[in-house]
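*Asks:* Need a 3D model of the following:
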Amino acid sequence: MSGFAQAAQHDFTQDGIVFDQEDSHGAMVAGKAAGHLGSSHNAGVTPRLRLYLAGPDVFRPDAAGHGRRLVALCARHGFDAVFPLDPSLPAGVPWPEAARRIYAADVAHIAACDAVLANLDFFRGAEPDSGTCFEVGYAVARGKPVIGYVPEAGSFAERIRQRHPQVAGVGPADAAGWLLEEFGLPLNLMLGVSCRIVVGGVEAALEAAREVLARDTAATR
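*Replies:* All right, here's what the predicted structure looks like:
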C-alpha cells in the first residue's frame with residue numbers, strides 16, 4: 001500500500017539507500033550512493049533478488065525513516081527492496097489522479113519484484129490493511145511468492161479474541177453474531193493459504209523469503 005508525502009525534488013542518499021525520483025515515481029529502493037538503483041541494475045554483477053515491502057507502514061508518522069531502515073535491513077540480508085512511499089507528485093494534481101498514479105506505480109513495482117514481504121498485522125481493526133491485501137492478491141495472481149508476517153502466534157479467531165475482545169463475542173460467533181473463521185490459520189484462509197505466514201517481524205520474514213526463493217530457484221534449474 002503506497003503513501004503520499006511532500007518531499008524535495010531530488011535524490012536523497014543516506015546509509016547507502018537512494019530515495020530515487022527516477023525509479024517508478026520515486027519509491028524508496030536499495031541502492032548505492034553512486035546514484036544507481038542497486039546491484040541488480042549493474043552490468044557484470046550477479047543480480048540480487050528484489051522484494052516489494054507491502055504493508056500499512058507507509059502511513060506511519062515516521063514513514064520515510066522507517067522505510068529507509070527496512071530497505072537497509074533487506075540490503076544487509078542480500079536483497080534489493082522497494083518501499084512504496086511516493087515522495088512527491090507535481091503540485092496541483094487532483095487527488096483522484098494522484099491515486100491513479102500511485103496505484104499504477106505500485107502495481108508496476110510488484111510486477112518488477114521477485115517476491116513480496118507483507119506486513120499483515122491488524123490495522124485499524126481486526127483485519128490487515130485492505131490495500132496490502134489487494135497487493136498480496138495481485139502478487140499471487142502474477143505468480144510471485146508472498147511472505148506475510150504477523151506479531152503473534154495463534155489462529156485468526158484466537159488472535160481476534162486476544163487483540164480485539166470487544167468484537168470477538170463468545171463461542172464461534174463474534175459480538176454481532178457473525179461466524180468467526182476458524183481453520184487454524186493466523187489469518188483469513190485466502191491469505192493463510194496463498195502466503196507463507198511467519199510469526200515475528202521483518203527479520204523473520206526475510207529469513208523465510210530466503211528459504212522460499214532458494215527453493216523456487218532450485219526447482220527451476
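*Asks:* Could you use CA atoms for every contact and neighbour count after this?
*Replies:* Fine.
*Asks:* gap between the most centrally placed residue in the chain and Gly92?
*Replies:* Geometric centre of the chain, nearest residue: Ala54, 1.4 Å, by CA atoms, centre = their mean. From Ala54 across to Gly92, the span is 27 Å (CA to CA, to the nearest Å).
*Asks:* Repeat that for Arg159.
*Replies:* For Arg159 relative to Gly92 (CA to CA), the value is 43 Å.
*Asks:* Which residue ranges of this protein form strands?
*Replies:* With DSSP state E as the criterion, the chain has strands at 3-4, 12-14, 17-19, 28-30, 50-54, 80-83, 85-86, 115-119, 146-150, 196-199.
*Asks:* Contact partners for the residue nearest to the centre of the chain?
*Replies:* Residues in contact with Ala54 (CA atoms under 8 Å, 6 or more residues apart in numbering) are 1, 83-84, 116-119, 132, 135-136.
*Asks:* Would you mind naming the residues that bridge with it?
*Replies:* Ala118 (DSSP bridges).
*Asks:* which stretches of the protein have low pLDDT?
*Replies:* Along the chain, segments meeting pLDDT under 70 span 1-46, 87-88, 221.
*Asks:* Quick one: end-to-end length of stretch 47-66, please.
*Replies:* End-to-end for stretch 47-66, by CA to CA: 25 Å.
*Asks:* what's the answer for stretch 159-170, then?
*Replies:* 14 Å.
*Asks:* before we move on, what about stretch 48-68?
*Replies:* 18 Å.
*Asks:* Identify each buried residue in that stretch, please.
*Replies:* 48-58, 63-64, 67-68 (16 or more other CA atoms under 10 Å).
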